[in-house]
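K.L.:
quick one, fold the following:
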Amino acid sequence: MEILTYQTTCFHFFHAGGTTRREAMWLDTVITNTQPTHGPMSPTSPIESDFAVPDALLNGQMMTKVSEKKSKRVSFRLDPDAGCILYKSSKSGVVSLETIKEIRSGAGARYYREQFGLPMNVEQRWLTLIYILDGAYNTLHMLADTQESFVMWNAAIRKLVAVRQGLMAGLGEVDVREMVWTRQYWKGADGNSDRKLSLDEVERLCWRLNARFSKKELKAMFHDADPDNKGYLDYTGFQSFVHTLKRRPEIEKIYKDICTANGGKVDFAVFEKFMRRTQHSTLTPDELKVVFAKYSWTAPVPTATTAPSPAVPDASQTVPTAPAPAATTAPSPAAPDASQTVVATPVTPPVLTYEGFSSFLLSSDNAVFPEKNQKIWQDMTRPMSEYYISSSHNTYLVGHQLIGVSTIEGYIRALLHSCRSVELDIYDGDTEPVIFHGNTLTSKVSVRDVCNAIAKYAFVTSPYPVLISAEIHCGIKQQDVLVKIMVDAFGEALIRAPVQGRPALSALPSPEDLKGKVMLKAKNLYVVAQLDALRAKSSTSAPAAQPAVLEVDTPSDDSDPEDESSAQKITGEIKHGMHELKEKWRRVRGTSSTDNAKKPKEKVKMSFNLASLLVYTVGVKCHGFGGEHRYAPEHIFSLSESKANKLLKTGTMHDLVNHTKDHVVRIYPKGMRVNSTNYQPHRFWAAGAQVVAINWQTFDLGYTMNQAMFQRNGRAGFVLKPNALRGKDELLEKRSKHVLEVTIISAHQLPRQKDSTGHEIVERSIVDPLVEVTLHIPDWTTPPFSIKSRSTLSLPLSLPPGSPGASSRMVTERTRAVMNNGYNPVWRETLRLPFDTVGGKEMQDLVFVQFSILEDDYDEDDDEPIARYCTPLSCLEKGADP
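P.N.:
Numbers count the residues shown, from 1 in each chain. The predicted model follows:
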């Protein structure tokens, strides 16, 4: 029995007022900002806190706000302290800097300029912001009056967003974080802008921060910050008040206990012991020395008389709570006075003060998911079938499956998040093919625009191949146009090979072999049969003239009929009504369509030019496994969620696992998910499926699981499958029991709920937060075994309905609620969650642990979590009581 122990200071939030509740749920996985035209905006780049915003932007400037319907003159203002862009609007008029996902300017925003029909000469003054509001993507298009104005806005927004995103995306940067937080809340608390905070204003600030104090406690803290008894707090007094407010007693206790057990100080030897025994660190001694040097402090011991140096805190005394040093550099001692004589200055060994220790705990060097920041490290030379591939479903949609908008935005967002498989549903257009969701009311987008967007963004985040999964419904003429568009857009990156004389594949190439390449997948089993016949014929006879097209019988769709009828029910009813009206009109005119109802079944034609693009990814229909069912390595079939579920329930999961060892299988959401919700992808990953397509426009559990999985391996978009799913069958017979033991210590600065416009709802009472920990386990598991005590475990046949963890695929435990404290709640509770795995320890890659902060009266149907974080269990760093 293995017990996995984790000690965590759970959920440290930098809450700067700009992150909505829904966005906070996916804080660790959604926040990304890349601008390929001018290079990526890296959250790890040095942050300059003294950036000066031009007065013109602070006071407001008139610009043109452009939309699809109209253009109008609007005054825009930048508020760096509040962290937002403000403009007059009947809807919101606020764009929080933290919510901005991408900034496009110039040629990067050309798609929108052309879409709105504006001339080329405005392009150099165009600025587009992609941001999230109320859980949905939004765009703001700004057209500056002059080039000088554009340069100021472009530079200021990019810089401030880089600062905010840097602080949001990772921990550390303590000084900048404190400065940004203090400035923002100072401005928000100073309601009448007199630069003085009364006791009532301070009380309202605490309410906004989800911090509740009695009148007596609040007055004491106020008077401590106002030693001159002025009756108000100036900015210096406010900083002192915040200093008291931000005390972390739970971290102070940890530091004090370590000091007490080690002679009153934390030198490198003590730090190394803490990292080995408590943090379970696998870093080498030299790597630990580098980390220690970032946060440690060296006290000079000059032999001449100088000003006294700060002392290392005595473990028996109250731990000081001065602002923490910057995490990137060790603080330097003050330079000696030039008037003094300084003799040789020996130094004491460096030590870790409380400030340095707390900075380390809240830094990326102590991240709970360290692999997120690593480079590509897995072997990328295995056949493509041995990897999970980050995939998108109906990529062109940014909303509803039946009435949503088709746009290039979905492709850009997915590719920038390292997605490697995107989907196109292609139909005949007026002159060129277009993309939309067939038999629905979704809008259309040009194939050319989509291919150009893919070409531009395909390899910004990952160098590994992109798979275009296409449903091609257009005629032979526009098929050839499609091929030309793809050749023009992708050039040499597009995988192509002549249909005749093509050698048979013995295995799929690797991601490394296909680096920088674009592959097309189209599905048609009958075309595959004719291609095989052509290959056989060409191998036994002289080459014949190549025909222009292939003609085959109309293929049956790979889609599940149940899915299709469910997905199209709404639009079907609308179209049926329209059809009845048209039919009645035809009968009046004597031209009923029933006269031509019985037409012979048409042949489907496929261009040889198009067939030449189907090389390593040829779509076929699934007819079963084993026996007479043989598939070439390049054959890929797609299974709907419903059909895949049937395979899992009917005991053919092992057949699917074996098939996916050397073939690629794609899974896509069932048609009933018209609101673009997601399944949980780990269920299908556990069956070996590589391309498990997700609706990227919906930030639900399935989306965040997918994001967490592909944050791994340097965000390559390819993650090597566990050995049990690509090796010997007997590995899957190995079953083992485990217990996840996790101690929830504390949270800090939990965000308040926001309304649909992005404004905080301050009127509501202070939250009573609790932490819920859930394990999501694939279908291999039996009902979780119960835990009688720390040392006694049993495996019951069943669990009572409604019991925590009663589901065979989910185990959940909760802490108690901390009443009236959303600012610095402390739980210090240990939760124990049982689970089992098959196939060895590597299969824990497919067990996901989810931490949720909920209100005590949380209703799953009506309420959103305060925050949520999800990661593969295998990626969660272990810990123990110090």
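
K.L.:
is the residue lying closest to residue 72 once chain neighbours are set aside within a helix or a strand, and which one?
P.N.:
Once flanking residues are discounted, residue 72 sits nearest to residue 65: 5.7 Å by Cβ to Cβ, 6 or more residues apart in numbering. (Glycine included, C-beta is placed from N, CA and C.) Assigned by DSSP states H and E, residue 65 belongs to strand 61-66.

K.L.:
for the helix or strand following that strand, name the packing helices and strands.
P.N.:
Sequence order places strand 71-79 as the next helix or strand after strand 61-66, per DSSP H and E. When contacts are defined as 3 or more Cβ pairs under 8 Å, 6 or more residues apart in numbering; DSSP states H and E, strand 71-79 sits against helix 55-59, strand 61-66, strand 84-87, helix 147-169.

K.L.:
could you rerun that using 10 Å?
P.N.:
Applying 3 or more Cβ pairs under 10 Å, 6 or more residues apart in numbering; DSSP states H and E, we find strand 71-79 packed against helix 55-59, strand 61-66, strand 84-87, strand 136-143, helix 147-169.

K.L.:
so what's residue 849 bridging to?
P.N.:
residue 775, residue 871 (DSSP bridges).

K.L.:
hmm, back to that, make a markdown table out of the helices and strands packed on strand 71-79 and add mean neighbour count and mean pLDDT.
P.N.:
Below are the helices and strands packed on strand 71-79 laid out as a markdown table (neighbours: other Cβ atoms under 10 Å; pLDDT from 0 to 100):
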| stretch | mean neighbour count | mean pLDDT |
| --- | --- | --- |
| helix 55-59 | 13 | 91 |
| strand 61-66 | 18 | 94 |
| strand 84-87 | 20 | 90 |
| strand 136-143 | 19 | 88 |
| helix 147-169 | 20 | 83 |
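
K.L.:
that older thread, give the partner strands of the strand holding residue 65 in its sheet and their orientations.
P.N.:
Using DSSP bridges, strand 61-66 pairs in its sheet with strand 71-79 (antiparallel), strand 136-143 (antiparallel).

K.L.:
lowest-pLDDT helix or strand in the protein?
P.N.:
helix 27-30 (a mean of 29; mean pLDDT, DSSP states H and E).

K.L.:
low-confidence ranges, the stretch 651-800 of the chain, go.
P.N.:
754-765, 781-800 (pLDDT under 70).

K.L.:
centre of the chain to stretch 701-712, how far?
P.N.:
Mean-position distance between stretch 701-712 and its chain equals 6 Å (Cα atoms, centre = their mean, to the nearest Å).

K.L.:
repeat for stretch 503-512
P.N.:
31 Å.

K.L.:
same check on stretch 769-778?
P.N.:
19 Å.

K.L.:
can you list the buried residues in that stretch?
P.N.:
The neighbour-count check on stretch 769-778 (16 or more other Cβ atoms under 10 Å) flags 769-778 as buried.

K.L.:
could I get those residues as a markdown table with distance to residue 372?
P.N.:
Listed next are these as a markdown table, based on distance: Cβ to Cβ, whole Å:
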| residue | distance to residue 372 |
| --- | --- |
| 769 | 25 |
| 770 | 26 |
| 771 | 21 |
| 772 | 22 |
| 773 | 20 |
| 774 | 20 |
| 775 | 20 |
| 776 | 19 |
| 777 | 22 |
| 778 | 22 |
